[in-house]
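Visitor: Got a predicted model here, sequence first, then my questions.
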Amino acid sequence: MTAPLDSTDKKIVFFFLLVLILLTLLALLLSPAYEGPGFPSSYSASSGGAKAAYTLLAETGYRVDRWTNSPEELPSVPRNALLIIAGPSSLSSDQEATQLKRFVSGGGRLLITGMPGASMISAKGVESTLALPGEWQSFTAEAPAPLTRGAPEISLESPARWVHLEPGQVRYYGSADGAAVTKLPLGRGEIIWWASASPLTNYGITKASNLALFLNCVGSPGKTRILWDEYYHGARRGLLSYLSRTPLPWALLQVLVLAAFVVFTYARRSGAVRPLRRESRLSPLEFIETLGALYQRKGAAAGALEIAFARFRFLLARKLALPSLVTTEELIRRVSERPGWTSPEFAETLGRIDSALKIQQVSEPQALEWVGELYEFTRKLGLGDQGIGRSGDRKIGSSEDRVIE
């Protein structure tokens, strides 16, 4: 038979459920969206990925590696090295852009795409056209060249065009709006710019002569070392950095929270049972508070006043050497006869208390006020220390005192 959950267990369950809901909402709101189409990563097998092109190079004898380091670590004297930055999702810093140019000037080759790629190489002649986003356009080779060999027509989607060419720059494909594929010499190397990375994507590499264009830009197998950039796709030094941009970390965090909840509830149910620490009920202050609460709930203000008045009468009668059953009037008269004990409010207060107790009609505020006045009379008349520390006398709190109270 399953034991029912108590209120504490229910609070714990509700708390962890609330945490899981909040984590789910945060994952939906804060985790970066996965870039499917238009994200030509060599890890991605989606239509917009570039895993097919990367695998093709590896299987046809090219020396191809994924580059996940900063451009600062590129070889300063590259030999037959080609760096492919396809559809970068983040831009380079000024220092990284300088390192890219240093790599090209030293003899390296750079294949870079789109307007983000143009900004990384400080291209000032690239502009947007009126072409619709996602619209594929065909371009015919404009001149015989190694770059256009076997690729009379290519197809790509991009509204970007290199409009104003720089000195020495060669245009291979384009339209009236500008160049779609061009090459710019820089130092001992060269930069090849495509209007977009669509010709090397898993879907675009099969259209028109896009595969031939891609292989012409790469060069001959066995001679060229290809570095496929994943650094600007967010993959920094390994697959884990790439996965950190997906919702996977949020899912793992939710699993950890759920595991912590399971361990906590199991430990709470199956751990050692320890008795709760209880406060002693013999505390004088607790006794007073409990007794006062009982009188308050019962509304017995007269009873509390009667106890205080009986004790005061006992202490005063003992001080005056009178019997304990002496009347209130006699106590007032005896006190008035003692030199220095005369107090006009003393007789009035005792008389009012005696009358109120006879009819048992005392309010709580009035009872509290009278108890305070009796305490002051006890202090002024020196009644509180009678019989303490002297042999033969009764001490306050003795059995006889408790009987009278």
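Guide: Noted; the coordinates are in hand. Numbers count the residues shown, from 1 in each chain.

Visitor: helices and strands of this structure: which one has the lowest mean pLDDT?
Guide: helix 399-404 (a mean of 34; mean pLDDT, DSSP states H and E).

Visitor: and Thr224, how many neighbours?
Guide: By other Cβ atoms under 10 Å, 17 other residues sit near Thr224. Bear in mind the C-beta positions are built from the backbone N, C-alpha and C, glycine included.

Visitor: Which residue ranges of this protein form strands?
Guide: In the chain, the strands defined using DSSP state E lie at 63-67, 81-85, 109-113, 126-128, 136-140, 153-157, 160-162, 170-175, 178-186, 189-194, 225-229.

Visitor: Determine which of these approaches Tyr266 most closely.
Guide: When the strands of the chain are ranked by proximity to Tyr266, the top entry is strand 63-67, at 43.4 Å, counting by Cβ to Cβ.

Visitor: That closest one vs strand 81-85, what angle?
Guide: Interaxial angle of strand 63-67 relative to strand 81-85 (axes from the mean of the first three to the mean of the last three Cα atoms, to 10 degrees): 50 degrees.

Visitor: rewinding a little: how about TSV for the strands of the chain, with mean pLDDT and mean neighbour count added?
Guide: Listed next are the strands of the chain as TSV, based on pLDDT from 0 to 100; neighbours: other Cβ atoms under 10 Å:
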stretch	mean pLDDT	mean neighbour count
strand 63-67	91	18
strand 81-85	93	24
strand 109-113	94	25
strand 126-128	89	16
strand 136-140	92	15
strand 153-157	93	21
strand 160-162	91	23
strand 170-175	94	19
strand 178-186	94	21
strand 189-194	94	23
strand 225-229	92	22
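
Visitor: now these in a markdown table, with distance to Leu200?
Guide: Output for these, formatted as a markdown table (distance: least, Cβ to Cβ, whole Å):
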| stretch | distance to Leu200 |
| --- | --- |
| strand 63-67 | 12 |
| strand 81-85 | 8 |
| strand 109-113 | 8 |
| strand 126-128 | 19 |
| strand 136-140 | 14 |
| strand 153-157 | 10 |
| strand 160-162 | 16 |
| strand 170-175 | 14 |
| strand 178-186 | 12 |
| strand 189-194 | 8 |
| strand 225-229 | 10 |
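
Visitor: Mind checking the ones you listed for the one nearest to Thr206?
Guide: Set against Thr206 and scored by Cβ to Cβ, the strands of the chain come closest in strand 153-157, at 9.9 Å.

Visitor: Only C-alpha atoms, please: export the closest one in CSV.
Guide: Taking Å, rounded to 0.1, in the frame of the first residue of the first chain, the C-alpha atoms of strand 153-157 are listed here in CSV:
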residue,chain,number,x,y,z
GLU,A,153,26.0,27.6,-65.5
ILE,A,154,25.6,27.8,-61.8
SER,A,155,22.6,28.4,-59.5
LEU,A,156,22.5,30.1,-56.2
GLU,A,157,20.2,32.1,-53.9
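
Visitor: Quick one, grab the pLDDT at Pro365.
Guide: pLDDT for Pro365: 85.

Visitor: For the stretch 301-405 of the chain, which residues score under the pLDDT cut-off?
Guide: When residues are selected by pLDDT under 70, those of the stretch 301-405 of the chain lie in 340, 342, 384-405.

Visitor: out of the strands of the chain, nearest to Ala317?
Guide: Closest approach to Ala317 among those (Cβ to Cβ): strand 63-67, 104.4 Å.

Visitor: Cool, thanks, signing off.
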